[in-house]
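Asks: generate a structure from the sequence data that follows.
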Amino acid sequence: MDRFKALMISRDEATGDRSVAIADLGPDDLMDGDVDIDVDFSTVNYKDGLAITGKAPVVRRFPMIPGIDLCGTVTASRHPAAAVGDRVIVNGWGIGETHYGGYAERARVSGGWLVPLPAGFTCAEAMAIGTAGYTAMLAVMALEPFGIGPEKGPVVVTGAAGGVGSLAVALLSDTGFAVHAVTGRPGEADYLKGLGAAAIVDRAELTGPARPLAGERWAAGIDAVGGTVLANVLSMTMAGGAVAACGNAAGMDLPASVAPFILRGVSLVGVNSVTAPQAKRVEAWNRLARDLDRRKLAAMTTTIGLDDIVATAGDIVAGKVRGRTVVAIGQVAGRPPRQTAAGDDPVRRHRRTGGPATAP
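Replies: Predicted coordinates for the structure are as follows:
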């Protein structure tokens with residue numbers, strides 16, 4: 001592939017005006033790296049929506065190819081851990097922010113950023129999971145050292161109809177937990193129950209000022225929202241419980257009290273998906289391949305083409321996208337879809353809307 005298509009964010013240095021358009025690029029346009037990849041699939045996360053719409057300063061150099069996830073096949077390698085023909089995942093490490101990301105038919109990255117595609121996964125399935133699902137698994141793993149099992153009581157997931165939330169609901173329910181799914185859209189109740197939610201909690205219950213200590217409701221939680229929602233979750237967590245925080249869709253502030261920490265021994269655990277160590281990344285992806293119900297994954301997944309990313313980015317920031325959105329990178333208007341590996345055909349090509357936005 002001498003020339004390839006990419007979604008490019010540009011900025012006029014004189015005026016600061018941004019533009020987003022599909023560009024025609026060549027190999028010499030790529031950034032430095034020791035592995036070249038033909039990209040088959042990417043995905044749209046909340047963070048990607050912020051990058052494309054400019055609602056937050058995600059992109060830190062221009063021009064930039066956004067997309068914080070990619071999956072494809074190694075076509076050239078100068079790195080000892082990667083060989084031509086390897087199927088690999090890349091997420092985090094600043095791709096789509098400071099290094100050209102996944103919304104392009106070709107990528108050049110550091111070989112140290114690669115995670116082998118787990119056996120039995122297609123690239124389409126891996127990108128249906130993407131950074132959102134990988135983050136959800138990291139959050140589940142972050143709670144495990146606290147020894148909180150299903151017998152301790154229900155667990156709460158905020159931003160439940162979004163990407164992180166949907167995967168967290170599915171993973172926790174399959175482990176045997178009674179999951180209370182928090183959403184601001186009652187119409188998503190059936191969707192969330194289909195993923196395994198035992199109860200639906202109206203987000204309005206958690207958006208007012210948090211009391212220092214409220215009634216104990218949950219043994220643990222995964223929060224993808226932040227702000228007053230997280231503060232309320234902490235105040236309602238049972239003694240000895242833990243909450244994994246992995247998103248900030250409702251803001252970066254945390255108007256909480258120290259009371260849950262010093263009077264109930266509640267733990268707040270941060271989840272960093274961007275620069276997690278390689279061993280933890282591989283463990284998370286392998287556990288997703290082992291533990292995630294593929295039927296639930298398919299039920300929460302929509303597939304779009306490269307031309308649809310900008311509209312979807314606006315929708316996800318506006319809280320109109322639920323579940324996961326896969327991008328078939330070779331699917332560009334006006335030309336036949338690019339052939340990908342067997343089993344990687346997109347499942348469907350429509351947009352399912354209605355749930356709250358979550359991070360990443």
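
Asks: low-confidence regions, the stretch 151-300 of the chain specifically.
Replies: Applying pLDDT under 70 to the stretch 151-300 of the chain flags no residue at all.

Asks: that one: helices as residue ranges?
Replies: Assigned by DSSP state H, counting those that start in this stretch, the helices in the stretch 151-300 of the chain fall at 163-174, 189-195, 227-235, 259-263, 278-291, 294-299.

Asks: any idea of the mean pLDDT for stretch 313-332?
Replies: The average pLDDT for stretch 313-332 rounds to 91.

Asks: next one: that stretch to chain centre, how far?
Replies: On the basis of CA atoms, centre = their mean, to the nearest Å, stretch 313-332 sits 11 Å off its chain's mean C-alpha point.

Asks: of all the helices of the stretch 151-300 of the chain, which lies closest to residue 51?
Replies: Minimum separation from residue 51 across the helices of the stretch 151-300 of the chain (CB to CB) falls at helix 163-174, 14.8 Å. For the C-beta atoms, the positions are set from N, CA and C on the backbone; glycine is no exception.

Asks: name the helices or strands packed onto that closest one?
Replies: Using 3 or more CB pairs under 8 Å, 6 or more residues apart in numbering; DSSP states H and E, the elements in contact with helix 163-174 are helix 123-143, strand 155-157, strand 179-183, helix 189-195, strand 197-202, strand 218-223, helix 294-299, strand 324-328.

Asks: most tightly packed of the ones you listed?
Replies: strand 155-157 (a mean of 31; mean count of other CB atoms under 10 Å).

Asks: nearest to residue 248, of the helices of the stretch 151-300 of the chain?
Replies: Closest to residue 248 of the helices of the stretch 151-300 of the chain is helix 227-235 (CB to CB; 7.5 Å).

Asks: which strands and helices sit next to the closest one?
Replies: The contact analysis (3+ CB pairs under 8 Å, 6+ apart) places helix 227-235 against strand 218-223, strand 237-245, helix 259-263.

Asks: can I get these in JSON lines with distance to residue 180?
Replies: Output for these, formatted as JSON lines (distance: least, CB to CB, whole Å):
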{"stretch": "strand 218-223", "distance to residue 180": "7"}
{"stretch": "strand 237-245", "distance to residue 180": "12"}
{"stretch": "helix 259-263", "distance to residue 180": "17"}
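
Asks: which of the ones you listed is buried the deepest?
Replies: Ranked by mean neighbour count under mean count of other CB under 10 Å, the helices and strands packed on helix 227-235 are led by strand 218-223, which reaches a mean of 29.

Asks: got the CA positions of that strand in PDB?
Replies: The C-alpha trace of strand 218-223 is given here as PDB (Å, rounded to 0.1, in the frame of the first residue of the first chain):
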ATOM      1  CA  TRP A 218     -22.700  -1.200  47.400                       C
ATOM      2  CA  ALA A 219     -19.700  -3.500  48.300                       C
ATOM      3  CA  ALA A 220     -17.700  -2.100  45.500                       C
ATOM      4  CA  GLY A 221     -17.900  -0.100  42.300                       C
ATOM      5  CA  ILE A 222     -16.500   0.900  39.000                       C
ATOM      6  CA  ASP A 223     -16.800   4.600  38.100                       C
END
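
Asks: tell me the strands beside it, with direction?
Replies: With DSSP bridges as the test, strand 218-223 is paired with strand 155-157 (parallel), strand 237-245 (parallel).

Asks: among the ones you listed, which is nearest residue 296?
Replies: That would be strand 155-157 among these, by CB to CB, at 13.8 Å.

Asks: can you list contacts of the closest one?
Replies: Here strand 155-157 makes contact (CB atoms under 8 Å, 6 or more residues apart in numbering) with 148, 165, 168-169, 172, 177-182, 197, 201, 217-222, 224, 233, 236.

Asks: thought residue 322 was touching residue 160?
Replies: No: when contacts are counted by CB atoms under 8 Å, residue 322 is not listed as touching residue 160 (9.4 Å).

Asks: name the residue in these two with the higher neighbour count.
Replies: residue 160 (33 against 29; other CB atoms under 10 Å).

Asks: check contacts around that one.
Replies: So residue 160 contacts 166, 168, 169, 181, 182, 183, 188, 192, 197, 355, 356 (CB under 8 Å, 6+ apart).

Asks: tell me how far the closest residue in space to it that isn't next to it in sequence lies from residue 218.
Replies: Among residues not flanking residue 160 along the chain, residue 181 sits closest, at 3.6 Å (CB to CB, 6 or more residues apart in numbering). Look at residue 181 and residue 218: by CB to CB, to the nearest Å, they are 12 Å apart.
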